[in-house]
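Visitor: predicted structure and sequence below. I'll ask about it afterward.
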Amino acid sequence: MPPSLSDRHPEVVAGELVADLVPPPHFGSVSLDSYVPDPNYPGQGAAVASARAFLAAGVAPQRRRWLRKAAPAEFRPGIYFDGGFGVGKTHLLASVWHLAETPKAYGTFVEYTHLVGALGFNGTVEALSDRTLVCIDEFELDDPGDTVLMSSLLMALTERGVRLAATSNTLPDALGEGRFAADDFLREIQGLSAHFDVIRIDGVDYRHRGVPVAPQPWGEDAVVRAVQTRPGATLDDFDRVCRHLATIHPSKYSKLVAGIPLVGLTGVHQLTAQDVALRLVVLIDRLYDQDVPVAASGESVGQIFAPEMLKGGYRKKYFRALSRLAALADLANDQA
């Protein structure tokens, strides 16, 4: 029998959490030069220029604020990339991280909140206070408690001279309508808002320029054959995986899928339970981070979230997940 995701029980010790704060493999070698702006959206090229200016303004910060060179009057220690999914915000964020002076940290919002849970607030501040740059991908605005926690953490870090970079998501149909993602971000991080330059990026999802949003599902036999021909590939019933995810903290999902060359899922169907869907979103993000193809049978992966979910408060997460899952399904088709 092929191995199963549901039989994996990853463990992460506290010390590894800090060491693992680096860009995932998908963004392990990106650069500002490799970002290809869409000429139809000038803001993308402007975002690259802003990223370069941000780096130049604080190119060699010292570990103690009173030792570093005075920054220009207009310099702000934080930069926030605002835009819809698929416009390259994470690419830019990781590129900034690669060019920054060490030591530095890169992680998702949930990874930092888990770090606070493991080390405590003061322990986390101490662990990150020597970083020249802390990058936060997928900043979440839908959990008031965690948002206030992160606001306090980032404020403590800026007081120690740490620079910040972050991304979040705006729905494509909301662009130009008040920029609610940027407005929400600046409001929710309260006193930190003055520390951030907001870089707005318009555009369409680069993953799906000219290709279908979601490929046709595989037959179950085809999924099984694909898994059997890829050593280390996993095969799971969709519902069993969803149940298994409930037993693992989302911060461990990266370890859960580490080293897997292909994930095979059978019996995929539309989800109606919000908690199950949100855990699946995190799993999809971590699969995408590590470029793990997904071969799935059952219903189309493009229909995996119920229509009412795509209209609710978590819609930004669901749309991003659909975009990424379709890309991973395309990758599986390309490798078939």
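Guide: Received, thanks.
Visitor: please enumerate the helices of the protein.
Guide: 14-19, 42-57, 89-99, 109-119, 121-128, 144-158, 180-188, 220-228, 238-245, 253-257, 274-289, 315-335 (DSSP state H).
Visitor: nearest to Leu32, of the ones you listed?
Guide: Distance to Leu32, taken as C-beta to C-beta, is lowest for helix 89-99 among the helices of the chain, at 4.7 Å. C-betas here are computed from N, CA, C, even on glycine.
Visitor: quick check: angle from that closest one to helix 274-289?
Guide: With axes from the mean of the first three to the mean of the last three C-alpha atoms, to 10 degrees defining the directions, helix 89-99 sits at 50 degrees from helix 274-289.
Visitor: what packs against helix 89-99?
Guide: helix 42-57, strand 78-83, strand 104-108, strand 133-137, strand 163-167 (3 or more C-beta pairs under 8 Å, 6 or more residues apart in numbering; DSSP states H and E).
Visitor: how does it look with 10 Å?
Guide: helix 42-57, strand 78-83, strand 104-108, strand 133-137, strand 163-167, strand 196-201, helix 274-289 (3 or more C-beta pairs under 10 Å, 6 or more residues apart in numbering; DSSP states H and E).
Visitor: got these as a markdown table, with distance to Cys242 and mean neighbour count columns?
Guide: Shown next, in a markdown table, are the helices and strands packed on helix 89-99 (distance: least, C-beta to C-beta, whole Å; neighbours: other C-beta atoms under 10 Å):
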| stretch | distance to Cys242 | mean neighbour count |
| --- | --- | --- |
| helix 42-57 | 36 | 17 |
| strand 78-83 | 30 | 26 |
| strand 104-108 | 21 | 24 |
| strand 133-137 | 24 | 25 |
| strand 163-167 | 27 | 25 |
| strand 196-201 | 33 | 21 |
| helix 274-289 | 5 | 20 |
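Visitor: need those in TSV with mean pLDDT, can you?
Guide: Formatted as TSV, the helices and strands packed on helix 89-99 follow (pLDDT from 0 to 100):
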stretch	mean pLDDT
helix 42-57	94
strand 78-83	89
strand 104-108	95
strand 133-137	95
strand 163-167	93
strand 196-201	86
helix 274-289	95
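Visitor: make JSON lines out of the ones you listed and add distance to Val22.
Guide: Formatted as JSON lines, the helices and strands packed on helix 89-99 follow (distance: least, C-beta to C-beta, whole Å):
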{"stretch": "helix 42-57", "distance to Val22": "18"}
{"stretch": "strand 78-83", "distance to Val22": "19"}
{"stretch": "strand 104-108", "distance to Val22": "6"}
{"stretch": "strand 133-137", "distance to Val22": "10"}
{"stretch": "strand 163-167", "distance to Val22": "14"}
{"stretch": "strand 196-201", "distance to Val22": "23"}
{"stretch": "helix 274-289", "distance to Val22": "11"}
